[in-house]
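Student: what's the 3D shape of this:
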Amino acid sequence: MAQSSKYALIDEDVLVEFIYHDQSALTLAEIENDDNGSQLKFLDINSTSTSPKYLVHELGANVVNFTVKSTGTSIIINNFATRELQLRNGKTYKFDLSDSSINNNTGFVINGNNATSGATLVGNILTYIPTTNGTYTYDYTDTAGVTNFTQGVITVANKANSLYAEPVQQTHNTIETASGESGRYLAVPSTQANQFALVGNALKYLDADEFTGTNASTFNTVIPYSGGNATTLVGSVNEVYYDTIRLHLRTGYSFNGRGYDGFLLQVKSSRADGVENVFTSQVYLNSSSFEIQNPTPFTMGDSKFSKYIEVKVPALVHMFTAGVNDEFHNNFYDVPSGTKALDATSNYKISFSLISETVSSTIPRLGTTYSQDFINVADTVDLVVSQVDEYSNISVSVAEPANKDYFEIHGLHNGTLAGFAGYVNQRIQQTSDDISVFYEIEVSEQVSTNFITTYKTTFVHVSDFDTPVMFRPVIINAGISSSFQLRVTMRIYNETDNTQIVKVGTLIFDRPKKYGVQMEKIQITGGTSSPVIYNKLPNTAVNRELNSFINSIRPDVGETKYVTVALEKHNVVAASNELVGNSASGVSLGNADFKSEGNCILKISGASDTLIRFTLANLIDGDYKALDLVGAEDIKLVMHNGTKNVHWRSHDPTFPGIDLSNGEVMFKVRRWVAGKYSGIGSTGTFYIVIYYGENKTSRLYNGKVKVV
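Tutor: Numbering: from 1, shown residues only. Next comes the predicted model:
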């Protein structure tokens, strides 16, 4: 199942989007439980067997990682030479010095007033916590005492450049309420109906000895800490796999103008005992500022949405999957206690409430009184979202038809266009809803290693849902671009209840010149008159006899002669990974000689080009099953000579006799590639790599190369 979204309008100013993660690329949904990603604790409300748990995550994710390398006379920070770093005062930065090009860890130094004292080296990690605004430098001296590496600059200020001074992994559930922060609060229930206490955070790391809430002693809630009866998940859960929720805010929204102080968002899941544990209970006040500007605003109905608030929730579908979210499940739901375990049929329960007022109350406790902030909520809207995408049988197809110079774009239901049209028409007939299908097309051109968006457009279908969209792009940089990507977002929009189903399809096309700004022209001179043929023989008896002889020895008109060529054939067993899978539905390939990883040897020569055909299979229960490669965006053969990659070319799907559905793929290795090795008898390695969406790759096989 690819990534997909579900939308629902839950307030006149708020549109909720639930984004299911791509289960064919689980690592994209993974967030580590450490100081560089998301740290985990929870509040155990009232500390009773029937009390719900409130998850608190990412409070400590203020650590930013940098990798340090050296080359020539430059220091490389996160793959940029002598990079200027704009860092934030008080934040933690870790410089990883483990690369082999750094042979003297103590030689990497941050200079300047109060800079050196804020840097601590432990092993290969230099931890730097700037405490004074200003401009500093960093430099490097190797073991030979060479100090001619170009010096870099560090600027410390109250704000940092988020492009390279923010943690790579975020859950966006951070509770930040200190001075100058964005104003996120955790809300926990009080003894009054529809009233919640606001829990703040002094921005301490969760693995520190304290986690301080805003006036935490004023309400009866156990806040985890080291020791006592609190429970910490840090160290016992390595990572968590998340789904994503976005609350899109209408352009020009104003909760204050409507007489509200903000809103409360809660996401819950049901335990076997009926108690609902809470994944997030996040408050957005009118004074908050943690919304994100959407780089691609969109319109739904009569409203435009240009900002959103994002939170992540642990993926329910993986709670009982070994090696995925089972560690989190066992800690958060108190397994092996059967009554507190997650109900396997539980879905996501989203609750959205407007805040009618914010109040402070004086509460007596332990012989004294304390002041505590509360919110009162009203107009609650509840929404249930399935733990799995119930529309997984709907997808969008992007393809270039055979012998056509355009792309066809359309929806699929259970793999067919007719099924998609039938699905939409059935919904219209049975529900009387007004349904439109939008196809939003984005063209991105690859220039060097970057994809640059050059064109966007939208097509709308309100009928004839079985008619594909015919689209011909114009590639602006066709002369220098190596490929372009078509990204299509299909929205099945229900105008009656403002809900929609969103599916995304992509295609990478590696012949951009075909769709360049100017099409190739054939110049014909002399107008429409017939050209003069100078080598035409006179129609004499002798020449008629000669023509007859020539025609007798040449092929018939339209006949094509194929010349037999040498073709290497190799049967290999595909690498085991989640992308490839082990599908038992592939065609059985019998008892052919299939080579396991590393055992296939390609022989190439500088005397001629080498044509190589691979047949890739999975070994399942002693039977070789063909690996279906039809859905791949691209398949490439990469060859390495021991120092660098010397060949990186796509397969040729047009070669006669090649069947991708049976795991067959053909490559041509040019004769000059052999010259990149050290001569006859030299060796190297090769890889077969599959591309599967937005330039993501996975290895299918690796073996050896030998020059003959």
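
Student: where do the strands sit along the stretch 251-400 of the chain?
Tutor: Along the stretch 251-400 of the chain, counting by DSSP state E, counting those that start in this stretch, strands occupy 262-270, 276-285, 292-300, 303-314, 348-365, 368-385, 394-399.

Student: which one of those strands lies nearest to Asn158?
Tutor: Closest to Asn158 of those, according to Cβ to Cβ: strand 292-300, at 20.2 Å. To be clear about C-beta, it is placed using only N, CA and C from the backbone, and glycine gets the same treatment.

Student: what angle do that closest one and strand 303-314 make?
Tutor: 120 degrees (axes from the mean of the first three to the mean of the last three Cα atoms, to 10 degrees).

Student: which strands and helices sit next to strand 292-300?
Tutor: Here strand 292-300 touches strand 303-314, going by 3 or more Cβ pairs under 8 Å, 6 or more residues apart in numbering; DSSP states H and E.

Student: quick one: strands adjacent to the strand it packs on?
Tutor: As defined by DSSP bridges, the strand partners of strand 303-314 come to strand 239-250 (antiparallel), strand 292-300 (antiparallel).

Student: mind listing what the residue lying closest to Phe471 once chain neighbours are set aside touches?
Tutor: Among residues not flanking Phe471 along the chain, Phe407 sits closest, at 5.0 Å (Cβ to Cβ, 6 or more residues apart in numbering). By Cβ atoms under 8 Å, 6 or more residues apart in numbering, the residues touching Phe407 are Val398, Ala399, Glu400, Met470, Phe471, Arg472, Pro473, Leu486, Leu507.

Student: ok, which pair from these is furthest apart?
Tutor: In terms of Cβ to Cβ, the contacts of Phe407 reach their longest pairwise distance at Met470 and Leu507, which sit 14.5 Å apart.

Student: and those two? which has more neighbours close in?
Tutor: Set Met470 next to Leu507 and count neighbours by other Cβ atoms under 10 Å: Leu507 wins out with 18 against 13.

Student: ok, back up a step: could you dump the strands paired with strand 303-314 to a markdown table with distance to Tyr308, mean pLDDT and mean neighbour count?
Tutor: Listed next are those as a markdown table, based on distance: least, Cβ to Cβ, whole Å; pLDDT from 0 to 100; neighbours: other Cβ atoms under 10 Å:
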| stretch | distance to Tyr308 | mean pLDDT | mean neighbour count |
| --- | --- | --- | --- |
| strand 239-250 | 5 | 92 | 22 |
| strand 292-300 | 6 | 81 | 12 |
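
Student: which one of those lies closest to Ser74?
Tutor: Using Cβ to Cβ, these put strand 292-300 closest to Ser74, at 31.6 Å.

Student: what sits up against the closest one?
Tutor: 7, 9, 15, 248, 251, 304-310, 493, 498, 500.

Student: let's see that with 10 Å instead.
Tutor: 7, 9, 15, 172, 246, 248-251, 304-310, 438, 440, 442, 453, 456, 458, 489, 491, 493, 495, 498-500 (Cβ atoms under 10 Å, 6 or more residues apart in numbering).

Student: hmm, back to that, restricted to helices, list the contacts of Phe407.
Tutor: Per DSSP state H, helices hold no members of the contacts of Phe407.

Student: His461 and Ala575, how far apart?
Tutor: For His461, the distance to Ala575 (Cβ to Cβ, to the nearest Å) stands at 41 Å.

Student: looking at these two, which is more packed in?
Tutor: Counted by other Cβ under 10 Å, His461 and Ala575 do not tie: His461 has more neighbours, with 21 against 18.

Student: and the more buried one, bridged to which residues?
Tutor: Beta-bridge pairing of His461 under DSSP bridges involves Val437.

Student: verify the stated contact: it with Tyr439.
Tutor: Yes - His461 is in contact with Tyr439 according to Cβ atoms under 10 Å; the separation is 7.6 Å.

Student: mutual contacts of those two, please.
Tutor: Common neighbours of His461 and Tyr439 (criterion: Cβ under 10 Å, 6+ apart): His410, Gly411, Pro468, Val469, Met490.

Student: these: which two are farthest apart?
Tutor: Comparing every pair within those by Cβ to Cβ identifies Pro468 and Met490 as the most remote, at 11.9 Å.

Student: more neighbours: which of the two?
Tutor: Met490 (29 against 18).

Student: measure that one to Phe305 for me?
Tutor: 18 Å.

Student: with Asn148 instead?
Tutor: Using Cβ to Cβ, Asn148 is found at 53 Å from Phe305.

Student: neighbour count winner among the two?
Tutor: Legend: neighbour count by other Cβ under 10 Å for Asn148 and Phe305, higher for Phe305 (21 against 11).

Student: quick one: the more buried one and Asp13 touch, right?
Tutor: Yes - here Phe305 lies in contact with Asp13, judged by Cβ under 10 Å, at a distance of 9.4 Å.

Student: who touches both of these two?
Tutor: Taking Cβ under 10 Å, 6+ apart as the contact rule, Phe305 and Asp13 both touch Leu247, His248, Leu249, Arg250, Thr251, Tyr253.

Student: what is the most widely separated pair among those residues?
Tutor: By the measure Cβ to Cβ, Leu247 and Thr251 form the most distant pair in the shared contacts of Phe305 and Asp13, at 14.0 Å.

Student: buried residues in the longest helix that the chain contains?
Tutor: Using DSSP H, we find that the single longest helix of the chain is helix 417-431. For helix 417-431, a neighbour-count test (16 or more other Cβ atoms under 10 Å) marks Leu417, Gly419, Phe420, Ala421, Tyr423, Val424 as buried.

Student: likewise for stretch 83-98?
Tutor: By neighbour count on 16+ other Cβ under 10 Å, the buried set for stretch 83-98 is Arg83, Leu85, Gln86, Leu87, Arg88, Lys91, Thr92, Tyr93, Lys94, Phe95, Leu97.

Student: stretch 655-663 too?
Tutor: For stretch 655-663, the neighbour count (16+ other Cβ under 10 Å) marks Leu660, Asn662, Gly663 as buried.

Student: against Pro656, how distant is the last one?
Tutor: To tie it back to what came earlier, the one meant is Gly663. Counting by Cβ to Cβ - Gly663 and Pro656 are separated by 17 Å.

Student: just checking, Ile435 touches Glu495?
Tutor: Yes - with contacts counted by Cβ under 10 Å, Ile435 reaches Glu495, the gap being 7.2 Å.

Student: between those two, who's got more neighbours?
Tutor: Each of Ile435 and Glu495 has its neighbours counted (other Cβ under 10 Å); Ile435 has more, 19 against 14.

Student: show the pLDDT at that one.
Tutor: On the pLDDT scale, Ile435 is placed at 89.

Student: what about Val665, helix or strand, and which?
Tutor: In this structure, Val665 sits in strand 664-669 according to DSSP states H and E.

Student: tell me the angle the host helix or strand of Phe459 makes with strand 292-300.
Tutor: Using DSSP H and E, Phe459 maps to strand 450-461. Here the directions of strand 450-461 and strand 292-300 differ by 20 degrees (the same axes, to 10 degrees).

Student: compute the inter-axis angle for strand 450-461 and helix 417-431.
Tutor: For strand 450-461 against helix 417-431, the angle by the same axes, to 10 degrees is 50 degrees.

Student: tell me the helices and strands packed up against strand 450-461.
Tutor: Contacts defined by 3 or more Cβ pairs under 10 Å, 6 or more residues apart in numbering; DSSP states H and E place strand 450-461 against strand 292-300, strand 407-413, strand 435-447, strand 469-471, strand 483-494.
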